[in-house]
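In: got a predicted model here, sequence first, then my questions.
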Amino acid sequence: MAYAHVLLSIVLYPVTGVAVAMLALTQLVAWQGWRKVAALPGLAFGVLHTVSVPLTLLLPDTEVSAVFAAAAISSAAWALLTGWTGAPRPARVATTPAPARV
């Protein structure tokens, strides 16, 4: 049963890590001003999540649990910062009033 977890994580961790990193990069590019800071933990989370399982398999005698912990902490920081900063509001578009019915 443990092998199923390892085999699935070989594929899923890098795929989800890259997806999260791309989402955070999109957030970094799209948002302006001080809100860009909220994307940085997301980038860190994506990179750490991507490399955590491959590092575990490539370096079996090395203690890499700190990578998993750093990924979890940066994930939480990204979620909190994104929630606190809030999404930027779209620019207001001036509308003309509807003509009065006669």
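Out: Thanks, I have it. Numbers count the residues shown, from 1 in each chain.
In: so where's this protein uncertain?
Out: Under the criterion of pLDDT under 70, the regions of the chain flagged as low confidence span 1, 88, 90-94.
In: can you give me the helices in it?
Out: Under the criterion DSSP state H, the chain contains helices at 2-30, 40-58, 65-85.
In: of all those, which one comes closest to residue 95?
Out: Comparing those by their distance to residue 95 (C-beta to C-beta), the top pick is helix 2-30, with 24.7 Å. Just so you know, the C-beta spots here come from the backbone N, C-alpha and C atoms, and that holds for glycine as well.
In: can you list the helices of the chain in JSON lines and add mean neighbour count and distance to residue 98?
Out: Output for the helices of the chain, formatted as JSON lines (neighbours: other C-beta atoms under 10 Å; distance: least, C-beta to C-beta, whole Å):
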{"stretch": "helix 2-30", "mean neighbour count": "14", "distance to residue 98": "33"}
{"stretch": "helix 40-58", "mean neighbour count": "19", "distance to residue 98": "43"}
{"stretch": "helix 65-85", "mean neighbour count": "15", "distance to residue 98": "36"}
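In: turn the ones you listed into JSON lines, including distance to residue 102.
Out: Formatted as JSON lines, the entries for the helices of the chain read as follows, by distance: least, C-beta to C-beta, whole Å:
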{"stretch": "helix 2-30", "distance to residue 102": "45"}
{"stretch": "helix 40-58", "distance to residue 102": "55"}
{"stretch": "helix 65-85", "distance to residue 102": "48"}
